[in-house]
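Visitor: Quick one, fold the following:
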Amino acid sequence: MPKIAKQLSERAVAAIRTDGRHAVGGVPGLHLRVKGAARGWVLRIKVGEARRDMGLGSYPAVGLAEARDKARAVHDSLRRGEVPATPAATHQATIAVAAMSFEQCARAFMRDKASEWKNFKHRQQWENTLAQYAFPLIGAMPVAAIDLPHVLACLEPIWRDKTETASRLRGRIETVLDWATVRKYRQGENPARWKGHLDKLLPAPTKVAKTVHHRALPIDAMPTFMRALHKRHGISARALEFVIYTAARSGEVRGASWNEIDLKAGLWTVPADRMKAGKEHRVPLSAAAMKLLKKAPRLEGCELIFPGTKGQPLSDMSLAAVLRRMDVDAVPHGFRSTFRDWAGDRSHYPRELIEAALAHTLESKVEAAYRRGDALEKRRELMEAWAQFCARGEGA
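Guide: So this is what the prediction gives:
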């Protein structure tokens with residue numbers, strides 16, 4: 001029977017960082033094994049004439065008290081003449097778990113969930129955020145060893161200056177650690193959880209984040225701007241014009257293809273996989289929007305309505321460049337805000353119809369019920385009135 005070493009306290013165990021085996025006392029043969037950032041519990045036992053190491057979990061996922069309880073249970077079973085279940089296999093499993101790094105877990109999680117994400121861009125955003133702010137600090141660490149100080153090290157440097165990014169990063173770290181827990185790669189509570197934990201240490205995002213609205217053109221400036229835009233040449237100018245007529249998102253217009261357009265019905269159907277909310281959106285086309293499409297050249301072998309170089313979609317910067325060259329202090333997305341202001345302040349159309357035109361997801365069940373039929377023809381009147389206002393500056 002191994003000698004009982006000096007019984008260490010929780011604080012003393014937490015301070016152990018030197019590589020090697022460290023007896024912690026309290027139970028014969030119980031050690032904390034340290035190898036780099038990885039720390040785990042090992043119990044030296046004797047089964048028959050052979051001495052073996054038995055893994056009891058990683059630290060701090062398994063705390064000192066729990067490790068001692070597990071070690072006592074093993075010794076009790078030995079006294080009863082029972083052989084602990086495959087101690088060597090248990091030890092090897094512990095080593096494998098300890099070796100699973102945060103980055104390995106994150107990439108495995110992304111592989112597992114990729115089919116649920118609506119597009120490649122979503123995965124890319126996940127990967128880019130973790131690669132920039134998490135992997136350099138905790139990527140190589142055993143996922144079982146990650147605790148509150150490690151999570152804070154990722155979040156605190158950007159929490160106040162890049163609050164939205166930091167908030168997303170926190171959620172993604174939490175999700176990866178939850179996945180690792182379910183996979184049995186770690187134990188214990190999630191150190192990246194917000195409610196009742198990090199919310200006690202970090203200010204709420206809404207308290208520190210600066211709300212930045214998309215720069216938009218004033219309502220009354222639209223007719224003059226549109227007359228100037230009509231005079232601009234090039235695909236980017238026409239794409240921006242179509243963004244305005246349809247009150248669509250820039251990405252929806254830049255990715256629009258001719259097979260989504262029904263010129264006879266005056267309808268643009270944006271498929272669900274290209275919509276932010278993941279639902280198909282029908283856009284009634286005003287006379288001005290139809291005229292623009294009928295004049296648009298078609299590139300042989302390319303289905304895009306507004307193709308960029310080599311038949312690829314335009315970049316968002318190409319539309320912003322049009323505004324910059326016109327010396328207009330606005331961004332493409334800001335025209336949705338201008339449309340919303342005009343429709344709310346200058347038209348008689350109900351809010352529900354306006355929100356439907358913008359393809360906004362409504363939380364109200366009453367409004368959602370109104371949206372069930374998508375009110376296409378009523379929205380056609382709304383979009384025609386908007387196009388006419390842009391052309392002449394008349395109210396609806």
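Visitor: can you give me the end-to-end distance of stretch 314-330?
Guide: Terminal residues of stretch 314-330 are spaced 18 Å apart (CA to CA, to the nearest Å).
Visitor: Now that stretch: average pLDDT?
Guide: What stretch 314-330 shows for mean pLDDT is 90.
Visitor: can you list the residues that contact it?
Guide: Here stretch 314-330 makes contact (CB atoms under 8 Å, 6 or more residues apart in numbering) with 215-217, 225, 228-229, 232, 234-237, 239-240, 243, 250-251, 254, 306-308, 331-332. For the C-beta atoms, the positions are set from N, CA and C on the backbone; glycine is no exception.
Visitor: Give me the subset of those lying in strands.
Guide: Using DSSP state E, no member of those falls within strands.
Visitor: Can I get the buried part of those residues as one ChimeraX selection?
Guide: For the buried members of the contacts of stretch 314-330, the matching ChimeraX selection, counting by 16 or more other CB atoms under 10 Å, is:
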select :216,217,225,229,235,236,237,239,240,243,250,251,254,306,307,308,331,332
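Visitor: so when I look at Phe389, I'm seeing a helix, right?
Guide: Yes. Assessed with DSSP: H, G, I helix; E, B strand; the rest coil, Phe389 lies in a helix.
Visitor: Just say helix, strand or coil for Ala277.
Guide: Under the three-state scheme (three-state DSSP), Ala277 adopts coil.
Visitor: Count the neighbours of it for me.
Guide: 12 (other CB atoms under 10 Å).
Visitor: Kindly report the same for Lys378.
Guide: 16.
Visitor: tell me how far the helix or strand where it lies is from the chain's mean position?
Guide: Applying DSSP states H and E as the criterion places Lys378 in helix 376-392. On the basis of CA atoms, centre = their mean, to the nearest Å, helix 376-392 sits 35 Å off its chain's mean C-alpha point.
Visitor: Mind listing what's buried along that helix?
Guide: 378-391.
Visitor: Stretch 284-294 too?
Guide: Buried, per 16+ other CB under 10 Å, within stretch 284-294: Pro284, Leu285, Ser286, Ala288, Ala289, Met290, Leu292, Leu293.
Visitor: now swap in stretch 20-28 and tell me
Guide: For stretch 20-28, using 16+ other CB under 10 Å, the buried residues are His22, Ala23, Val24, Gly25, Gly26, Val27, Pro28.
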